[in-house]
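Participant: Below are the sequence and a predicted model for it; my questions follow.
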Amino acid sequence: MKIFLDTANLAEIKEGAALGVVDGITTNPSLLAKEQGDPEEILLEICKTVDGPISAEVVATDAEGMIREGRHWAGVHKNIVVKCPCTIDGLKATKVLSGEGHRVNMTLIFSSTQALLSAKAGARFVSPFVGRLDDIATPGMQLVSEILEIFENYDFDCEVLAASLRHPIHVVEAAKMGAHIGTMPMGVFRALLKHPLTDIGLARFLADWEKAKKEMGEKAR
């Protein structure tokens, strides 16, 4: 499973990229609004840091506006993927943009039928929001599973991007299901590496090593 970071914070992105396991970045207007600076310049810096798909979302709500913004974002850098919301206008825009050769990430997917229509419109990625469905007592991972099952029946050039992953268990479940991509905040990404037994084991190894060195030093006297 490819690992994407869901952030527009350059410090976090550089931290993740340094580990060599981050494959792409997803941003949205809310994440970009949290950062200081021009959004386009921020996205360019992200593209320089991570050589992979970088989602930049349109803010227009009509198809014409989405197409115009999508063409602009796609022209900013070769890594940028145009992010469109799964609405009627978003579907229209996706059909046009994908027809022009631009990659589209259809976002705010909350049903398998939305994902199916998005793929038929030419979306390169569909983003089911797991955590937000969990918030309303609907199993978000079940949606990811349904979309993967449907896509296996057809020859769609479309990847399932499990989004709104709130904790490591979400990441594990997405990987077990075969989700192509999982995107997550930096806090969740960091948590993937943490385990108390690893910390305890490392501390014990180091303590034993220091003890052994001390004993060898005393014997050499």
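Facilitator: On my side now, so go ahead. Numbers count the residues shown, from 1 in each chain.
Participant: C-terminal to the one helix or strand L148 maps to, what's the next element?
Facilitator: Applying DSSP states H and E as the criterion places L148 in helix 140-152. Moving toward the C-terminus from helix 140-152, the next helix or strand (DSSP H and E) is strand 159-162.
Participant: which residue packs closest to the spatially most central residue of the chain, ignoring adjacent ones?
Facilitator: Nearest to the mean C-alpha position of the chain, by CA atoms, centre = their mean, lies T183 at 2.5 Å. For T183, ignoring the flanking residues on the chain, the nearest one in space by CB to CB, 6 or more residues apart in numbering is F4 at 3.8 Å. No exception for glycine: its C-beta is placed from N, CA and C like everyone else's.
Participant: Please identify which helix or strand holds the one you found.
Facilitator: strand 2-6.
Participant: Against which helices or strands is the helix or strand following that strand packed?
Facilitator: Where DSSP H and E defines the elements, the next helix or strand beyond strand 2-6 is helix 10-17. Contact analysis of helix 10-17 by 3 or more CB pairs under 8 Å, 6 or more residues apart in numbering; DSSP states H and E lists strand 2-6, helix 39-49, helix 186-191 as its packing neighbours.
Participant: Format these as CSV; extra columns: mean pLDDT.
Facilitator: Shown next, in CSV, are the helices and strands packed on helix 10-17 (pLDDT from 0 to 100):
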stretch, mean pLDDT
strand 2-6, 98
helix 39-49, 97
helix 186-191, 97
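Participant: quick one: which of those is nearest A18?
Facilitator: For A18, the closest of the helices and strands packed on helix 10-17 is helix 39-49, at 9.5 Å, according to CB to CB.
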